[in-house]
Structures are given as structure tokens and as C-alpha cells.
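**Q** take this sequence and fold it.
(chains A and B)
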There are 2 protein chains.
Amino acid sequence: MAKEMTLLWGSGSPPCWRVMIVLEEKNLKGYNQKLLSFEKGEHKSAQVMEMNPRGQLPAFKHKDRVLNESYAACIYLESQFQSQGNKLIPECPAEQAMMYQRMFEANTLSQKMADVIYYTWKVPEAERHDSAVKRNKEALAAELKLWEGYMQKASGPFVAGKTFSLADVMVFPAIAYLYRFGFCEERYPKLAAYHNSLKDRPSIKTSWPPTWLENPQTQDILKDL
Amino acid sequence: MAKEMTLLWGSGSPPCWRVMIVLEEKNLKGYNQKLLSFEKGEHKSAQVMEMNPRGQLPAFKHKDRVLNESYAACIYLESQFQSQGNKLIPECPAEQAMMYQRMFEANTLSQKMADVIYYTWKVPEAERHDSAVKRNKEALAAELKLWEGYMQKASGPFVAGKTFSLADVMVFPAIAYLYRFGFCEERYPKLAAYHNSLKDRPSIKTSWPPTWLENPQTQDILKDL
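**A** Numbering: from 1, shown residues only, chains lettered A, B, ... in the order given. The predicted structure follows:
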């Protein structure tokens, strides 16, 4: 089956990483894949644009079905390969509700993270304001306090409780990304424990961003958070 | 069943409207609901904050299961009430893939729409730039051209083809919102046809924003788009 799949991806990108984690969890090995460089602008190449007209990664295809949105690809794969590999949506209605809720809250976390980390990349120099940087950082800190509280109250080691689920697939790459940008372990101990407990999970370890392994040096954008 | 559900909502909000459309499509009548006013700041009231710590609407609950993210609530309801009302996820794998892809692309559409419509509300006066307004409008126009193209190539009258699905649940309220803010019918004929063909669908008509019925006057923020 996986031979009929193609993934174009970039190292470190949380949306790409999500799809790779699901492919591992569903035991979908041997798919066609190509690592592209954001720095070289390869996400705007003809090969990507043909699959994804927004020029973004991941660009993913199963047969002739294009699924570039990471959430779409992950839910589709879970739906099509339900009985293969690990089940990523809990059956218990209460756990399922919690899973969907956290899974989509992860979008807000990712957005607030992007507002801080990509600020100088996204906002032209003449439009930058220290007041906006400060406000974005405060919004991200408030968001992270919320997640620290969620993990404190969780009924198990995973985002939605006792089992690894699509909620973890969405949340973990964002949390790992925070550490890559200097996020402080001590100030958010539950998020740190979550990160440490999951980073050696086979699906995550196997798909760990290769550029992070080559260059373990973190940046310090988030060190004061 | 629906007696065990509570929805706190605001008129015109696309995320609230999505949940209401799904409740109608799944024939979940008689749920508890309360219309709150954004203008009066009621989305920051204690009743909302208790369910949704971000102080946003919708705030939705089934039994003690909180589902405030509109995507989470809609997928959960479809999953829990699969055999009731209309099926909102197609079974055919190719249609399902298309549905998930468009459903999550709708997030990008909503985001680009919000960047334009809410600009003066979100960005403090001292941080506003005409160059940012222009860039946001261009990004929204490019996004809408993409959707106009999707509707041109669609294999049926709905976003994902032949049947009404969760993709329409996500996309339709955004398109209707565009028209509320002066979007031009003539320049995007396929989107206009889509809007006109769906606006009388019972689930949509029944849940039409009451403030829009009371005051049909549109704004003109998007008239040049």
C-alpha cells in the first residue's frame, strides 16, 4: 500500500512531522519520499506546486488522492488503515471527545508559536513593532500555561489520557519545536515531562528531523518565555 | 440525546454556525442553547470561561464532554451519530480524501479572511500599516481565486463533489461571511453559484445568523476584492 504514497517534506516542519508519525504508527513503510530544503526555496518548486498550489510542505499523495493539509492526511490515513498498526482515535466517546478537542486546540498553539518564532520572517522590517513582539510572546506564554494545566490534569501520560492518539500527533511536534527554539524545561515541568516521555517513542524517534540531529544547537528566541 | 447538549453561540460567527449546521444535519433537535452578544463582551462571561478558558464561542458540551473547537465538535457529532440524519463523511476513499483536504484548507481561507476583516479590530492603531492591509487583501484574493478554481473543477455542486459533507460545513459559513462584508458576486461566479445553491438548504436556512436577518445591510470592506 505504502508504495502508492508519496511525501514531499521539509525537516523540522511540524505539519510534515505529523504525517510521518502517522505513517510510522500505521506501519506504512516504504513510501516514496523526498526531503526538500526550505532554505533553498524547494517548497516553491514545480514538483511541489503541482501537488500543492500554495507551495507548502507537506505535499502528500495516496494513489491520485492529494492530501496536503497535515490534519487531512492524518485523519484520512487513520480512517483508511484503521485495522493496521496502532489505533489513533480512541473508541470511548469521552476519550474521543477529549482527543478531538485537544487535537484542534493544537492549531491555536501552533499559530501562537508561529506568531513569535516567524515574526521577523513574516513581517517586513518597516512594519515591525516591539509592542507586537511583546504581545505575541504574552499570548504564547498564556497559551502554554493552559497546556501545562491540561497536562497536569490529564488522566494519563498522553494529551487525551491513557493512549497515544491523533492529539499527540498534532501536539508533540509543536512542543518539540518549542524546545528547538530555546523553550525552558524548568518553567513548564509537565510539558517537559511529556516531551521527555515521548521523544523516544519509535514513531517519533524514527521521524526525528534530520537537520536537528545534524545540528543540535538550539536557538534562543523562546528562552525568556 | 440533544437534551444532553448545550451550545453557547454568537450570531454570524462561522465557527458557531458550523456546529449549528451539523446539529441540524444530524437531526439533533431541542439542544439547550443561548445566544450571546460579542458586542456586549458576553463571550468573556463566567459561563463561557468555565467551558472555554480562551473566552471564545462556540462553547459546546455533550454530557460532560466539552468540545469548543468547531472542527472537534463537528467531527465528534458525525462520529457519535453516524446513523442519524445525513451522513457527512463520504465512504468512497477518493471522495473522503477530497473532503478532508478541502475541509482543512477552509482553515486557510478563514484565516486570510479574518486577517482582512478584523484588521482594525486586531491590530492596535499605532501598529497599522497600509502596506499590511494591501498584502492581506492580495493574499485573500489569491486564496479566493484558488477556491473559484476548485468549484469550477468540482465533480458536483458541493465542495467535495456530489454530496453535502463536512467540507461544506466548514466552507459555506466562510463564503456567506464574505458576502456579508461586501464580496462581489460577479467576480467569482462559481463561488456565487455555490452560495446561492446552498443558502436555502434547510440546515443552513434554519441556522442563518439572526442578526443578519434583523439587519440585512452588508458592509463594504471586501467590495474591491
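
**Q** tally of neighbours for the closest residue to A:Glu185 other than its chain neighbours?
**A** On the basis of Cβ to Cβ, 6 or more residues apart in numbering or on different chains, the spatially nearest residue to A:Glu185 that is not a chain neighbour turns out to be A:Ala192, at 4.1 Å. Any C-beta I mention is one placed from the backbone N, CA and C, and that applies to glycine too. For A:Ala192, the neighbour count with other Cβ atoms under 10 Å in any protein chain shown is 18.

**Q** and the one 10 residues further on, by the same measure?
**A** Taking other Cβ under 10 Å as the neighbour definition, A:Pro202 ends up with a count of 9.

**Q** remind me which helix or strand A:Phe60 belongs to.
**A** Using DSSP states H and E, A:Phe60 falls within strand A:59-62.

**Q** just checking: what are the partner strands of that strand?
**A** strand A:5-10 (antiparallel), strand A:65-66 (antiparallel) (DSSP bridges).

**Q** quick one: average pLDDT of the last one?
**A** Pointing back at strand A:65-66 there. Per-residue pLDDT over strand A:65-66 has a mean of 98.

**Q** for that strand, give me every contacting residue.
**A** Strand A:65-66 has contacts (Cβ atoms under 8 Å, 6 or more residues apart in numbering or on different chains) with A:51-52, A:59-60, A:76, B:93-94, B:97-98, B:101.

**Q** okay, the strands paired with strand A:59-62, which one's buried deepest?
**A** Stretch with highest mean neighbour count among the strands paired with strand A:59-62: strand A:5-10 (a mean of 21; mean count of other Cβ atoms under 10 Å in any protein chain shown).

**Q** quick one: distance of that one to the chain centre.
**A** Relative to its parent chain, strand A:5-10 has a centroid offset of 15 Å by Cα atoms, centre = their mean, to the nearest Å.

**Q** need the next SSE after it, C-terminal direction.
**A** For strand A:5-10, the succeeding helix or strand toward the C-terminus, using DSSP H and E, is helix A:14-25.

**Q** for that following helix, name the packing helices and strands.
**A** Applying 3 or more Cβ pairs under 8 Å, 6 or more residues apart in numbering or on different chains; DSSP states H and E, one finds that helix A:14-25 makes contact with strand A:5-10, helix A:70-80, helix A:166-180, helix A:202-206.

**Q** dump these to CSV, plus mean pLDDT.
**A** Formatted as CSV, the helices and strands packed on helix A:14-25 follow (pLDDT from 0 to 100):
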stretch, mean pLDDT
strand A:5-10, 98
helix A:70-80, 98
helix A:166-180, 97
helix A:202-206, 98
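
**Q** is it possible to get TSV of the ones you listed that adds distance to B:Lys3?
**A** Compiled in TSV, these are given as follows (distance: least, Cβ to Cβ, whole Å):
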stretch	distance to B:Lys3
strand A:5-10	44
helix A:70-80	30
helix A:166-180	28
helix A:202-206	41
